[in-house]
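S.K.: build me a model from this:
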Amino acid sequence: MSELNSLMPPLKWVGGKRKIIEIIQSAAENIDSPFTYYEPFFGGGAIFFALYNRGFLKNAHLNDVVPQVVNFYNVISNQDARNILKEEAKKIETKFNNLNTDIKKRGEQYIKLRENFNDSWEYFIAEGEKTGSESEANLAAQFLALNKLGFNGMYRVNSKGRFNIPMGSPVEKNLFDEKNLDAVGDALSKVKFTCDDYSKVKPFKGRGRKPKNNLIFLDPPYIPNSKTANFTEYSVEGFNRDSHVRLSNDLSKLIENENNNVIFTNNFNSMSIELFVDKNKKNKRLNAYKFNITKTISAKNTGRGNTEELLISTFPINNSRLNKLN
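M.R.: As a prediction, this is how the structure comes out:
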């Protein structure tokens, strides 16, 4: 179990949940374990890895709408593909670390890496399985490198679906920890990982039986706190206001089903309260909280610092960081 305790998310992720791990762990103690876990907005996966470390999970159904993200996790879940990724990522790591003293050339190489990744991904999508597993592994290695070398670990694509994040600080980078990557890959090899809209994940389908000892963790792109801020868009389709309204309706249905144990997070603002709290305030299963969090990764420096977030659950959570709203 000592090896599991060191298991950490392999990607740097904007909006990652490392800083609320202890809140979710204390919540998970209310559910008979091991339980079935559903995470439709996986991203960096900090909560899954933390719950896996604690031995809470019987099985898991993970999903993300971004195919490049899912390809990365699928690759590292396969030992042979993971070994190809390691070899390619090490080559990229060495190349960029050797360019630390030449910022201009490093920037040029970053743009070259980014464009090569975009071109290779478009070819991969067009050719499908014809490209082979080695192509998937090389794409995953490039994705990992862009995640660590790019600005603030952000993931964003333009209207054509091409990754367009600029280079981050030109300092020496370690793209991965081999022991941790192997442990993460082993954990992911035991779960089901899909790439689809969140509504296609089993709890939202309204069909089939789910075990009562389950946990559904919903961490969608957040509603912006200011009128001038843009809705977070990780994919070409985006996740806009209408998407949050749709999610609000779907969340209400999840809460109404007494067999579902749900935890939901978002920014704490008037729109999130209207959509996700006020709409469900007549439901006795609703438990709404706000809590403070310090953000260290953001698209802009002004987006960092202390802020308030919303957490909703279908059961009471005893944690000193949570302030109950209802």
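
S.K.: got any ranges where the stretch 51-200 of the chain has weak pLDDT?
M.R.: 129-132 (pLDDT under 70).

S.K.: and the closest residue to Glu22 other than its chain neighbours, what's its pLDDT?
M.R.: In this structure, Glu22 finds its nearest non-sequential neighbour in Asn319, 7.3 Å apart by C-beta to C-beta, 6 or more residues apart in numbering. (C-beta placed from N, C-alpha, C; glycine too.) According to the prediction, Asn319 has pLDDT 93.

S.K.: residues in contact with Asn319?
M.R.: When contacts are counted by C-beta atoms under 8 Å, 6 or more residues apart in numbering, Asn319 touches 22-23, 26-27.

S.K.: Leu144: which of those is nearest?
M.R.: Nearest to Leu144 among the contacts of Asn319, counting by C-beta to C-beta, is Glu22 at 27.3 Å.

S.K.: what's the neighbour count on the closest one?
M.R.: Number of residues near Glu22 (other C-beta atoms under 10 Å) recorded here: 12.

S.K.: you'd agree it is in a helix?
M.R.: Yes: Glu22 sits within a helix when classified using DSSP: H, G, I helix; E, B strand; the rest coil.

S.K.: distance of it relative to Asn213?
M.R.: Glu22 sits 21 Å away from Asn213, going by C-beta to C-beta, to the nearest Å.

S.K.: these two touch, right, Val70 and Lys192?
M.R.: No: judged on C-beta atoms under 8 Å, Val70 makes no contact with Lys192 at a distance of 11.5 Å.

S.K.: looking at those two, which has the bigger crowd around it?
M.R.: It is Val70, of Val70 and Lys192, that has more neighbours when counted by other C-beta under 10 Å, with 18 against 13.

S.K.: Provide the secondary structure category for that one.
M.R.: Per three-state DSSP, Val70 ends up helix.

S.K.: how much space separates Val262 from Pro40?
M.R.: In terms of C-beta to C-beta, Val262 sits 11 Å off from Pro40.

S.K.: what does Pro9 give?
M.R.: Counting by C-beta to C-beta, the gap from Pro9 to Pro40 is 17 Å.

S.K.: and these two? Which one has more around it.
M.R.: Pro40 (26 against 19).

S.K.: OK, contacts around that one?
M.R.: By C-beta under 8 Å, 6+ apart, the neighbours of Pro40 are 63, 198, 201, 203-204, 216, 218.

S.K.: so which of these belong to strands?
M.R.: Secondary structure from DSSP state E places 63, 216, 218 of the contacts of Pro40 in strands.

S.K.: phi, psi for the residue nearest to Glu22 please.
M.R.: Backbone dihedrals for Asn319, given as degrees, to the nearest 10, come out at phi -150, psi 130.
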